[in-house]
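Peer 1: Just the structure for this:
(chains A and B)
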Amino acid sequence: EPEVTQTPSHQVTQMGQEVILRCVPISNHLYFYWYRQILGQKVEFLVSFYNNEISEKSEIFDDQFSVERPDGSNFTLKIRSTKLEDSAMYFCASRTGTANTGELFFGEGSRLTVL
Amino acid sequence: AQSVTQLDSQVPVFEEAPVELRCNYSSSVSVYLFWYVQYPNQGLQLLLKYLSGSTLVESINGFEAEFNKSQTSFHLRKPSVHISDTAEYFCAVGISSGSARQLTFGSGTQLTVLP
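Peer 2: As a prediction, this is how the structure comes out:
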């Protein structure tokens, strides 16, 4: 069964460092998402991406964050200068272009720990 | 904007007992409703969804949820739980927003099935 894969599964970084989280969405999907879950808190929407551009972003997704799809398969989230409060589990998700299926397929997450 | 409230953060229950995980939502527009499950050290997996039609939806592993528009609820039930059902359960609501439908998640309910 096709699945969304994410790497790394866990990354530890020093505050101020740049981090890139990678995702390989399901191959025929057209919409891509990043969500995050701070420990003990809700899963929060960060950004959605379609047709090589950001479709929507939340207030969390400020200038330190960026996304790109560099090669037609990977979908990356870059955090430019990490802060302690960026420590969270980051989930990538994708879905088809079908209008009414609604379902997002999630990866297993990348746990980011900022020291 | 829409929101999701999961009233119980922790639900302990004995094996073979029934369980209900509560979910209420608010939205000014029509919504799609989802339950996702997160097993330990895994990603979010779709358990069941309501898009339209019958208000009672079922999963392959015995869970069911009923969409109640008047009470704005989408409670998840199972008549007899197993140890393997121990996981975190997230209720989510989606709306069609342009081309990039995103999900709003509740804070999750940890279901622990006791022997």
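Peer 1: Does whichever residue of chain A sits closest to chain B belong to a helix, a strand or coil?
Peer 2: Chain B sits closest to A:S55 of chain A, with a gap of 3.3 Å, by CB to the nearest CB. For glycine as for every other residue, the C-beta is placed from the backbone atoms N, C-alpha and C. The local conformation at A:S55, judged by DSSP: H, G, I helix; E, B strand; the rest coil, is strand.
Peer 1: and it, how far is that from A:L39?
Peer 2: 28 Å (CB to CB, to the nearest Å).
Peer 1: thinking again about what came up before, looks like the residue of chain A closest to chain B contacts A:F61 (just checking).
Peer 2: No. Counting by CB atoms under 8 Å, A:S55 stays clear of A:F61, with 11.7 Å between them.
Peer 1: In contact with the nearest residue to B:Q6 once chain neighbours are set aside: list those residues for me.
Peer 2: For B:Q6, ignoring the flanking residues on the chain, the nearest one in space by CB to CB, 6 or more residues apart in numbering or on different chains is B:G106 at 3.8 Å. Each residue near B:G106 by CB atoms under 8 Å, 6 or more residues apart in numbering or on different chains is listed here: A:K42, B:V4, B:T5, B:Q6, B:C23, B:F90, B:C91, B:A92.
Peer 1: Then B:K69?
Peer 2: Neighbours of B:K69 in contact, by CB under 8 Å, 6+ apart: B:T55.
Peer 1: got a pLDDT number for residue 55?
Peer 2: Went with chain A since none was named. Turning to A:S55, the model gives it a pLDDT of 89.
Peer 1: meant chain B, my bad for not saying
Peer 2: 86.
Peer 1: List the backbone torsions phi and psi for the residue nearest to it when sequence neighbours are not counted.
Peer 2: Nearest residue to B:T55, sequence neighbours excluded (CB to CB, 6+ apart): B:F67, at 4.3 Å. Main-chain torsions, B:F67, degrees, to the nearest 10: phi -80, psi 120.
Peer 1: related to what we said a few turns ago, from A:T13, how far out is the residue nearest to B:Q6?
Peer 2: 30 Å.
Peer 1: B:S28: neighbour count?
Peer 2: For B:S28, the neighbour count with other CB atoms under 10 Å in any protein chain shown is 8.
Peer 1: OK, contacts around it?
Peer 2: B:Q2.
Peer 1: Give me the local confidence score for it.
Peer 2: 79.
Peer 1: Now name the helix or strand holding the nearest residue to B:Q10 once chain neighbours are set aside.
Peer 2: Closest residue in space to B:Q10, ignoring its immediate chain neighbours: B:Q110 at 5.0 Å, by CB to CB, 6+ apart. When elements are assigned from DSSP states H and E, B:Q110 belongs to strand B:109-114.
Peer 1: What average pLDDT does that strand get?
Peer 2: For strand B:109-114, the per-residue pLDDT averages 96.
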